[in-house]
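Chemist: Everything below, folded, please.
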Amino acid sequence: MKNLKIHTIETAPAASKESLEQSLKAFGMVPNLHGVLAESPGLLEAYKQLHEWFVNASFNADELTVVWQTINVEHECHYCVPAHTGIAKMMKVDDAITDALRNETVLPSEKLEVLRETTLEIVRQRGRLTGATREKFFSVGYENKHLLDIILGLSQKVISNYVNHLAETPVDNGFVKFKWEKSVATH
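Modeler: Sure thing, here's the model as predicted:
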């Protein structure tokens, strides 16, 4: 089997070099995920554009983290759970939120828990929601735009989670301390 390569700026296809240079400027390094995605310049750009759109959508930092990590944990992404743990710390998200997401325990607020439950149902049911879930979602203050923004976040996470599964992408050094494995009890 031919493994997916983690490209550097030097080894990347010409159409990915500028994007990897932007990653280097933004993060001080080229994240391993970006290096893998570089093999497909279109996929790298799609991932980065979806990320930008999602972080500028309708959710605050806590809510972004809930959507990202709910999907990462559900997809059992060995790379994204640690990465988004570190990102949550940078975004000053309360560790209680991050821990609850990583450990699949109840979140510290009803609104965030409803966001997690809704996100999970969207993932597990391929975009279908029961009337009860939808009603609960709206009752805590969310709107239709938030439902659609969950799909935006899911689109980004499908790219990263699935690519990381295929590539067995090594966790970046800065996030290794947040290593994660899905608990056997939650399988």
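Chemist: alpha carbons only for contacts and neighbour counts from here, please
Modeler: Noted.
Chemist: Tell me the spatial nearest neighbour of L152, not counting adjacent residues.
Modeler: Distance criterion C-alpha to C-alpha, 6 or more residues apart in numbering; nearest residue to L152, sequence neighbours excluded, is F54 at 6.2 Å.
Chemist: Measure how buried that neighbour is and give me the count.
Modeler: 21 (other C-alpha atoms under 10 Å).
Chemist: measure it to K48 for me?
Modeler: In this view, F54 and K48 are 10 Å apart by C-alpha to C-alpha, to the nearest Å.
Chemist: On the secondary structure side, give me the element for N72.
Modeler: Using DSSP states H and E, N72 falls within helix 61-74.
Chemist: buried sites along that helix?
Modeler: For helix 61-74, burial by neighbour count (16 or more other C-alpha atoms under 10 Å) applies to 62-74.
Chemist: Now render these as JSON lines, adding pLDDT and distance to V158.
Modeler: Formatted as JSON lines, the buried residues of helix 61-74 follow (pLDDT from 0 to 100; distance: C-alpha to C-alpha, whole Å):
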{"residue": "D62", "pLDDT": "98", "distance to V158": "20"}
{"residue": "E63", "pLDDT": "98", "distance to V158": "18"}
{"residue": "L64", "pLDDT": "98", "distance to V158": "15"}
{"residue": "T65", "pLDDT": "98", "distance to V158": "15"}
{"residue": "V66", "pLDDT": "98", "distance to V158": "15"}
{"residue": "V67", "pLDDT": "98", "distance to V158": "12"}
{"residue": "W68", "pLDDT": "98", "distance to V158": "10"}
{"residue": "Q69", "pLDDT": "98", "distance to V158": "12"}
{"residue": "T70", "pLDDT": "98", "distance to V158": "12"}
{"residue": "I71", "pLDDT": "98", "distance to V158": "8"}
{"residue": "N72", "pLDDT": "98", "distance to V158": "9"}
{"residue": "V73", "pLDDT": "98", "distance to V158": "12"}
{"residue": "E74", "pLDDT": "98", "distance to V158": "11"}
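Chemist: Low-confidence regions, this structure specifically.
Modeler: Counting by pLDDT under 70, the ranges of the chain that qualify are 1, 184-187.
Chemist: could you redo the last one with a cut-off of 90?
Modeler: For the chain, applying pLDDT under 90 flags the ranges 1-3, 182-187.
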